[in-house]
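**Student:** need coordinates for the following:
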Amino acid sequence: VQVVESGGDLAQAGGSLTLSCAVSGDTFEKYTIGWFRQVSGGQRVGISCVSQWDRSTYITDAVRGRFSTSSDNAKRTNYLHMTNLKPEDTAVYYCVAEAELSCLVRWPQDYWGQGTQVTVSS
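**Tutor:** Predicted coordinates for the structure are as follows:
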């Protein structure tokens, strides 16, 4: 299974970006997709989870109301839609996939992408 993120860019505060997470190598519909971010010198922190396996979802308070996710099963891709961006959203964003996992149990952890940089200027 391979996971590839894309879409990171420089944005202004208040702007929007959409990140993509393409999953290849297995049946996309059985995977749970998590989005994490890591600021320079910090730990990787989970921000959203969506399970196509049991339809569970989770999103952290830090981004609730500003970030959302969607999936295109035909393209085997999950998207992280980020709006009203803030400078504190600046981080490397990672996508991770794990099969047959509920977001209510824990964060996915099996297959990680390489990360994509998002920088928000004030």
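**Student:** hang on, Pro87 packs against Ser122?
**Tutor:** Yes - between Pro87 and Ser122 there is a contact at 4.8 Å, judged by Cβ atoms under 8 Å. Yep, even glycine has a C-beta here, placed from its N, CA and C like the rest.
**Student:** which neighbours do those two have in common?
**Tutor:** Ala13 (Cβ atoms under 8 Å, 6 or more residues apart in numbering).
**Student:** excluding covalently adjacent residues, which one is nearest to the most centrally placed residue in the chain?
**Tutor:** Closest residue to the average C-alpha location of the chain: Trp35 at 2.6 Å, with Cα atoms, centre = their mean. For Trp35, ignoring the flanking residues on the chain, the nearest one in space by Cβ to Cβ, 6 or more residues apart in numbering is Ser48 at 4.6 Å.
**Student:** for this structure, which segments are assigned as strands?
**Tutor:** Along the chain, the segments classed as strands by DSSP state E run 2-6, 10-12, 17-24, 31-38, 44-51, 57-59, 67-72, 77-82, 91-99, 111-112, 116-121.
**Student:** how about the ones you listed in CSV, adding distance to Val105 and mean pLDDT?
**Tutor:** Formatted as CSV, the strands of the chain follow (distance: least, Cβ to Cβ, whole Å; pLDDT from 0 to 100):
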stretch, distance to Val105, mean pLDDT
strand 2-6, 20, 96
strand 10-12, 33, 98
strand 17-24, 19, 97
strand 31-38, 9, 97
strand 44-51, 9, 97
strand 57-59, 10, 96
strand 67-72, 18, 96
strand 77-82, 19, 98
strand 91-99, 10, 97
strand 111-112, 17, 98
strand 116-121, 26, 98
